[in-house]
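Peer 1: return atomic coordinates for the entry below.
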Amino acid sequence: MAVTFAAAPASAAPGPQLQAAVAPVENFENRGNPDCKDINGFALEVDTDNEPVDGEMLAFSFNNQSGTITLDVTDNAEGEPELLGFSFSGPFAAGAVIVKGGPSANVYDYRPTMAGAIEADVTLHSPINPSGGFAALSHVAFCIVKDGANT
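Peer 2: Prediction:
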C-alpha cells in the first residue's frame, strides 16, 4: 500500500485583486508587524498599531505639513475586519500599503503605477488563510510619499 502526502503551501496566497488599484503581493510571512522599512524607499510611515476600525482617522505631520488618512473597514460575518479602503487628505499619498492578517501580510505597492502613488483605494485585504478566506485584519502600515496632486 502506497501512502502519499501532499505538501502544504509554503506561504499564504495573496488572494484576488478585487477592486483595488493594484494586485496584492504576499510578503512578510511570520515576521510580526512588517513596516515600510521592509520594502524600502519611504521616509514616512503611519500605521494603525492595532486592528483597523471603520471611520478611524490617522492624523500625521511631516516637514511642517499635515495630513489625514480616513479608513473604511468592512467586517466579515464574524464581525472581524476583513476589507480596507482608505483616503488621504493633505499633500500626501500612499506609495505602498502593508495589510496584515494572521501570520502574513499583503503589500499593495503603487510605485510601479503611472502616478507612483495613490490618494485612495478600496477592498485591500490580508492573505488567504488556511480555511480559504481572508485573515482578519490586525495591522495596517501606510508608506507615505509627498503628493503633487494634493498640494
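Peer 1: next, give phi and psi for Cys36.
Peer 2: phi -60, psi -20 (degrees, to the nearest 10).
Peer 1: do I have it right that it meets Val145?
Peer 2: No: contact criterion CB atoms under 8 Å: Cys36 and Val145 do not qualify, at 10.4 Å. For the C-beta atoms, the positions are set from N, CA and C on the backbone; glycine is no exception.
Peer 1: I'd like the distance between Asn50 and Pro34.
Peer 2: Using CB to CB, to the nearest Å, Asn50 is found at 15 Å from Pro34.
Peer 1: more neighbours: these two, which one.
Peer 2: Pro34 (19 against 12; other CB atoms under 10 Å).
Peer 1: would you mark the buried spots in the helix or strand bottoming out on mean pLDDT in the chain?
Peer 2: Counting by mean pLDDT, DSSP states H and E, the chain has its least confident helix or strand at strand 25-27, which shows a mean of 77. For strand 25-27, burial by neighbour count (16 or more other CB atoms under 10 Å) applies to Glu26, Asn27.
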